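**Q** Predicted model follows, preceded by the sequence.
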Amino acid sequence: MKILVAVKRVIDFNVKPRVKLDGSGVDLANVKMSMNPFDEIAVEEAIRLKEKGVATEIVAVSIGPAKAQETLRTALAMGADRAILVQTDEEVEPLAVAKILAKIAQEEQPQMIILGKQAIDDDNNATGQMLAALLGWPQGTFASKVEAANDNVTVTREVDGGLETVKLQLPAVVTTDLRLNEPRYASLPNIMKAKSKPLATKSPGDYGVDVARRLETIKVVEPAKRQAGIKVGSVDELVEKLKGMGIAK
Ligand code: AMP
């Protein structure tokens, strides 16, 4: 079984984003960028399926700037077999990403496509769902457990207040939730080996997809600053304060 994994280069999750002075977006100048954490989980899951003998080949795909090569090399160092970079400097919206991934899926004929449930930069949580719709494939989103067999995959999904288990006919789209697995770190020898793994560079035009933005960002603002807290001297004082705020009776 061939597995396609989508990996996005995003602002590192440890970095506190700064909004540009003109409010047009987040300042990415000199900011550490990394693989979207949910996509690391997607790569890890694909590798585990390969280690179990279910998957035979893992192809990592990223749509983004030339520097997204680094993200793909990380996926290769973790254990993906080859990579495809669809290079563009545009900020690509989920629908365009889904259209490109759908075209790649038609070419590559994978049995499963694993994506993150959301990219932590724009929090869209849309690409996997759109991709499944475009391909007409079943989808198992927010996966916390994935068990693949020959012609189907059983996905346990994290839903409000519990878990839902669905069985999907392959080929299928799966999106990862946080508790699916703990991604491995790439070892130094594997980082070296990844340098010689195949990485093809394409453009959105190669897939006939127009990546022009359909949405206009009106304004980006920093979250409201939290007001400083106060220290109370006793439980009685705390209760009085809470009463004053209408929180306690
Ligand atoms: P989103 O719908 O933007 O929250 O992204 C959901 C998932 O789609 C991500 O976790 C990635 O797996 C995939 N994805 C989104 N944008 C890209 C991109 N530019 N390149 C590769 N994968 C992407």
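**A** Perfect, I can see it now. Being a predicted model, the structure only gives us computed values, none of them experimental.

**Q** hang on, E70 in a helix?
**A** Yes: assessed with DSSP: H, G, I helix; E, B strand; the rest coil, E70 lies in a helix.

**Q** Pull the contacting residues for it.
**A** With contacts defined as Cβ atoms under 8 Å, 6 or more residues apart in numbering, E70 is in contact with 9, 33. From N, CA and C alone the C-beta is placed, and that goes for glycine too.

**Q** redo that, cut-off 6 Å
**A** Shown in contact with E70 (Cβ atoms under 6 Å, 6 or more residues apart in numbering): no residues.

**Q** which bits of this structure sit near the ligand?
**A** 6-8, 36, 38-39, 42, 61-64, 92, 94, 97, 115-116, 118-119, 122, 124-128 (Cβ under 6 Å from any ligand atom).

**Q** In helices, which of the residues you listed appear?
**A** Those of those mapping onto helices are 38-39, 42, 94, 97, 127-128, per DSSP state H.

**Q** Can you say which two of the residues you listed are spatially most distant?
**A** Spatial extent of these (Cβ to Cβ) is set by the pair A42 and P94 at 15.6 Å.

**Q** Quick check on the two: which one has the bigger neighbour count.
**A** A42 (32 against 19; other Cβ atoms under 10 Å).

**Q** list the contacts for that one?
**A** Contacts of A42 (Cβ under 6 Å, 6+ apart): 5, 114-116, 176.

**Q** Okay, and I104 sits in which element?
**A** Secondary-structure assignment from DSSP states H and E places I104 in helix 94-108.

**Q** now that helix: mean pLDDT?
**A** What helix 94-108 shows for mean pLDDT is 98.

**Q** can you list contacts of it?
**A** With Cβ under 6 Å, 6+ apart as the criterion, helix 94-108 contacts 6, 61, 63, 86, 124, 126-127, 130-131, 134-135, 207, 209, 211.

**Q** Who wins on neighbours among the ones in helices among the residues of the chain next to the ligand?
**A** A42 (32 neighbours).

**Q** Just the C-alpha atoms of the helix or strand hosting E237, please, in PDB.
**A** Assigned by DSSP H and E, E237 falls within helix 235-244. Only the C-alpha atoms of helix 235-244 are listed here, as PDB (Å, rounded to 0.1, in the frame of the first residue of the first chain):
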ATOM      1  CA  VAL A 235     -10.100  32.500  51.700                       C
ATOM      2  CA  ASP A 236     -12.700  34.900  53.100                       C
ATOM      3  CA  GLU A 237     -11.200  37.800  51.100                       C
ATOM      4  CA  LEU A 238     -11.300  35.600  48.000                       C
ATOM      5  CA  VAL A 239     -15.000  34.800  48.500                       C
ATOM      6  CA  GLU A 240     -15.700  38.500  49.000                       C
ATOM      7  CA  LYS A 241     -13.900  39.400  45.800                       C
ATOM      8  CA  LEU A 242     -15.700  36.700  43.900                       C
ATOM      9  CA  LYS A 243     -19.000  37.900  45.300                       C
ATOM     10  CA  GLY A 244     -18.100  41.400  44.100                       C
END
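
**Q** which other residues reach that helix?
**A** 232, 248.

**Q** before we move on, what about stretch 156-174?
**A** 111-114, 128, 131-132, 137-140, 142-145, 151-155, 177.

**Q** Buried residues of the host helix or strand of R48, list them for me.
**A** Assigned by DSSP H and E, R48 belongs to helix 37-51. By 16 or more other Cβ atoms under 10 Å, the buried positions in helix 37-51 come out as 37-50.

**Q** I'd like these written out as a markdown table, with pLDDT added.
**A** Compiled in a markdown table, these are given as follows (pLDDT from 0 to 100):
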| residue | pLDDT |
| --- | --- |
| P37 | 98 |
| F38 | 98 |
| D39 | 98 |
| E40 | 98 |
| I41 | 98 |
| A42 | 98 |
| V43 | 98 |
| E44 | 98 |
| E45 | 98 |
| A46 | 98 |
| I47 | 98 |
| R48 | 97 |
| L49 | 97 |
| K50 | 97 |
